[in-house]
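Participant: Just a sequence and a predicted model for now, questions to come.
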Amino acid sequence: MQRTGSRPWLGALPIGTRVEVRSRYHGSWSDGFEIEERTEEGYWLRRESDRYLLPSPFIADDIRPRSRPRFDAQPTKRCAALRTSE
């Protein structure tokens, strides 16, 4: 089930890694998921927003490490300082 691609991280993502998922319907990438478990079937993912475990596994080609920080990430010290000075 697992295909090998040109991405060197395939097969090496540990549990808890925050990932993006390729949509099975239109091929775009969505973030907000983390790896719950890796089995022979593929990667089992949990949605970060509500901790829901997705009902089917994803093959390695359909996930990738998160490429950009999320907006709900902790603010940097500089951002926090700017907020308090307003």
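Facilitator: Thanks, I have it.
Participant: same question for the longest strand along the chain, mean pLDDT?
Facilitator: In the chain, assigned by DSSP state E, the strand with the most residues is strand 29-39. In this model, strand 29-39 has a mean pLDDT of 95.
Participant: Sheet partners, orientation included, of it?
Facilitator: strand 18-22 (antiparallel), strand 42-47 (antiparallel) (DSSP bridges).
Participant: Residue 60 is nearest to which of those strands?
Facilitator: strand 42-47 (6.8 Å; CB to CB). Any C-beta I mention is one placed from the backbone N, CA and C, and that applies to glycine too.
Participant: Give me the buried positions along the closest one.
Facilitator: Along strand 42-47, these residues count as buried under the neighbour rule (16 or more other CB atoms under 10 Å): 42-46.
Participant: coming back round to it: contact partners of the longest strand of the chain?
Facilitator: Identification of contacts with strand 29-39 by CB atoms under 8 Å, 6 or more residues apart in numbering yields 13-23, 43-49, 53-54, 57, 63-64, 66-68, 70.
Participant: if you set the cut-off to 6 Å instead, what comes out?
Facilitator: 13, 15-22, 43-49, 66 (CB atoms under 6 Å, 6 or more residues apart in numbering).
Participant: one step back: could you dump the buried residues of strand 42-47 to JSON lines with pLDDT and distance to residue 28?
Facilitator: Below are the buried residues of strand 42-47 laid out as JSON lines (pLDDT from 0 to 100; distance: CB to CB, whole Å):
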{"residue": "42", "pLDDT": "92", "distance to residue 28": "20"}
{"residue": "43", "pLDDT": "95", "distance to residue 28": "18"}
{"residue": "44", "pLDDT": "97", "distance to residue 28": "21"}
{"residue": "45", "pLDDT": "97", "distance to residue 28": "16"}
{"residue": "46", "pLDDT": "98", "distance to residue 28": "20"}
